[in-house]
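Colleague: Predicted model, plus sequence, below.
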Amino acid sequence: MDSDEEEIINNSIDLMSNFIFTIPESINIYKESYHNSMLSGQRYYLELIESSNEQRFIDVARMRKSTFITLINVLENHYNLKSTSLISVGEKVMITIYILQGLTIRNTAERFQHSLSTISTIFKDLIQKLSTMFNDLASNFKESGDCPEYIRSNYRFWPYFKNCLGALDGTHVSASIAENNSAPFRNRKGYISQNVLGIVDFRMVFTYVLAGWEGSAHDGKVLQDALTKGLVIPPGKYYLGDAGYGLSGYCLTPYRGIRYHLKEFRRGNRKPQNKEELFNLRHASLRNVIERSFGVLKKRFNILNCMRNFTFDSQINIVYSTMALHNFIRIYQSIPDKYDDEDNNGNDDASDDDDDDIVDNSDRINNLKNWRNQIAEDMWNDYNNYQLNRNN
């Protein structure tokens with residue numbers, strides 16, 4: 001090997017050595033914290049709490065600040081929700097509501113600067129606590145059995161619906177189901193959902209909810225299941241249901257084949273032409289409380305329209321959690337916010353034409369039909385008398 005070749009080899013070795021030993025200086029081999037924003041989750045939370053911008057707080061927390069603070073106190077004092085050295089109770093609740101708006105775990109982790117596992121643990125724990133709170137709120141605020149003031153104070157409904165406690169209906173909540181198990185969850189509109197039974201009083205408070213049924217399940221079947229799982233309707237009392245439910249002593253339904261939906265009566269400002277139309281009009285007006293309740297609920301908590309990939313048990317708890325927060329707001333928030341738009345109807349997927357009309361000619365069914373007819377006749381007679389007196 002001549003001197004020139006030896007010099008070339010030595011120079012190459014020197015270059016390689018320099019490259020190897022300079023890697024640590026040019027490339028950071030140490031892992032940098034992913035969540036390193038100056039606006040930590042706690043700072044973001046405190047900024048919202050201390051801000052005088054109430055509308056901004058409502059946009060994030062889905063409720064007024066005073067209601068949110070009351071919620072924190074209730075969860076701390078009655079449901080054993082605890083702060084940690086890094087995350088306060090308030091931040092935990094805000095994290096959960098953030099996800100219930102429809103945002104992903106990853107979005108929420110970025111906003112609050114915590115790891116995915118931390119966010120997931122907080123969320124799973126809180127929806128379990130909120131599900132328990134729903135049961136407590138529902139049982140504490142059920143109707144006493146007396147005629148609701150909403151009916152007693154309105155001549156259109158009193159005394160015809162004096163034994164009515166509220167309204168019931170099913171609504172479809174978006175579901176995330178593995179493809180090989182999804183067939184029963186595909187509803188009549190073609191998307192994957194769970195069919196949720198809701199019962200509300202005339203304060204728009206949910207007094208009973210049954211979640212977890214497949215989207216293909218019929219509303220009547222879900223109601224029958226609820227009656228075996230703790231739904232108790234006092235003797236002589238009933239709820240209003242749409243025509244998808246069979247007429248029964250505990251569920252008063254409208255006449256089939258007769259104009260029913262409010263928009264049908266509003267079109268052309270047509271007045272009722274007979275007792276059946278008048279009954280259906282007032283039945284629809286009163287039963288609309290369940291439609292409005294579902295509408296407010298889904299508008300406030302968009303996760304019900306775009307469920308994320310949680311376990312199905314968690315998806316059920318999510319439904320109960322949103323109902324708990326809805327009830328809490330209805331009970332403790334005296335001043336409505338922008339989500340309390342009671343004209344909003346969020347139950348377009350409700351079924352009212354799936355069931356066959358009653359063909360049973362037994363005495364029981366005939367008695368039920370006579371009961372509905374008597375209400376309609378009393379209503380029609382009073383209505384005609386009122387029109388005569390008004391014209392005279």
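Modeller: That came in fine, so what should we check first?
Colleague: in the stretch 251-392 of the chain, which spans are helices?
Modeller: Under the criterion DSSP state H, counting those that start in this stretch, the stretch 251-392 of the chain carries helices at the ranges 262-266, 275-300, 312-332, 363-391.
Colleague: Compare the ones you listed and report which one is nearest to Thr84.
Modeller: Evaluated over the helices of the stretch 251-392 of the chain, closeness to Thr84 peaks at helix 312-332, with 20.7 Å, by Cβ to Cβ. Where C-beta positions appear, they are placed from N, C-alpha and C, glycine not excepted.
Colleague: buried residues in the closest one?
Modeller: Neighbour-count burial for helix 312-332, with 16 or more other Cβ atoms under 10 Å as criterion, is recorded at 312, 314-330.
Colleague: repeat for stretch 51-69
Modeller: Buried, per 16+ other Cβ under 10 Å, within stretch 51-69: Phe57, Ile58, Val60, Ala61, Arg62, Met63, Arg64, Lys65, Thr67, Phe68.
Colleague: May I ask which two of the residues you listed are separated the most?
Modeller: Longest span within those, Cβ to Cβ: Val60 and Thr67, 13.1 Å.
Colleague: what residues are up against Phe279?
Modeller: Going by Cβ atoms under 8 Å, 6 or more residues apart in numbering, Phe279 touches Pro254, Tyr255, Arg372, Ile375, Ala376, Met379, Trp380.
Colleague: scratch that, Arg56 is what I was asking about
Modeller: So Arg56 contacts Leu48 (Cβ under 8 Å, 6+ apart).
Colleague: Remind me which helix or strand it belongs to.
Modeller: helix 54-61 (DSSP states H and E).
Colleague: could you dump that helix to CSV, C-alpha only?
Modeller: Written as CSV, here are the backbone C-alpha positions of helix 54-61 (Å, rounded to 0.1, in the frame of the first residue of the first chain):
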residue,chain,number,x,y,z
GLU,A,54,-70.2,34.0,31.0
GLN,A,55,-71.0,33.0,27.4
ARG,A,56,-67.6,31.6,26.8
PHE,A,57,-67.9,29.5,30.0
ILE,A,58,-71.3,28.2,28.8
ASP,A,59,-69.8,27.3,25.4
VAL,A,60,-67.2,25.1,27.1
ALA,A,61,-69.0,23.8,30.1
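Colleague: and the next element down the chain from that helix?
Modeller: helix 65-78.
Colleague: and that next one, how far from the chain's centre?
Modeller: 20 Å (Cα atoms, centre = their mean, to the nearest Å).
Colleague: List the contacts of that helix.
Modeller: Outside helix 65-78, the residues that touch it by Cβ under 8 Å, 6+ apart are 49, 54, 57, 61, 63, 81-82, 89-90, 93, 126, 129, 133, 325, 328-329, 332-333.
Colleague: Check stretch 178-196 too.
Modeller: Contacting residues not belonging to stretch 178-196 are listed as 170-177, 209-217, 219, 222, 315-316, 319, 349, 351, 354 [Cβ under 8 Å, 6+ apart].
Colleague: Flag every buried residue along that stretch.
Modeller: For stretch 178-196, burial by neighbour count (16+ other Cβ under 10 Å) applies to Phe185, Arg186, Asn187, Ile192, Ser193, Gln194, Asn195, Val196.
Colleague: How about stretch 210-228?
Modeller: Of all the residues in stretch 210-228, those buried under the rule 16+ other Cβ under 10 Å are 210-215, 217-220, 222-223, 226.
Colleague: Which residue comes closest to the residue nearest the centre of the chain once chain neighbours are left out?
Modeller: The residue lying closest to the centre of the chain (Cα atoms, centre = their mean) is Leu297, at 4.3 Å. Excluding its sequence neighbours, the residue lying closest to Leu297 (Cβ to Cβ, 6 or more residues apart in numbering) is His326, at 5.0 Å.
Colleague: Same check on Gln128?
Modeller: Once flanking residues are discounted, Gln128 sits nearest to Asn317: 6.0 Å by Cβ to Cβ, 6+ apart.
Colleague: who touches that neighbour in this structure?
Modeller: With Cβ under 8 Å, 6+ apart, Asn317 has these contacts: Ile127, Gln128, Leu130, Ser131.
Colleague: ok, the third one touching Ile318?
Modeller: Read that as Leu130. No - taking contacts as Cβ atoms under 8 Å, Leu130 lies outside contact range of Ile318: 9.0 Å.
Colleague: Phe206: what's it in contact with?
Modeller: Here Phe206 is in contact with Phe134, Ala138, Gly198, Ile199, Val200, Ser293, Met323, His326, Asn327 (criterion: Cβ under 8 Å, 6+ apart).
Colleague: between those residues, which is nearest Arg308?
Modeller: Among these, and counting by Cβ to Cβ, the member closest to Arg308 is Met323, at 18.0 Å.
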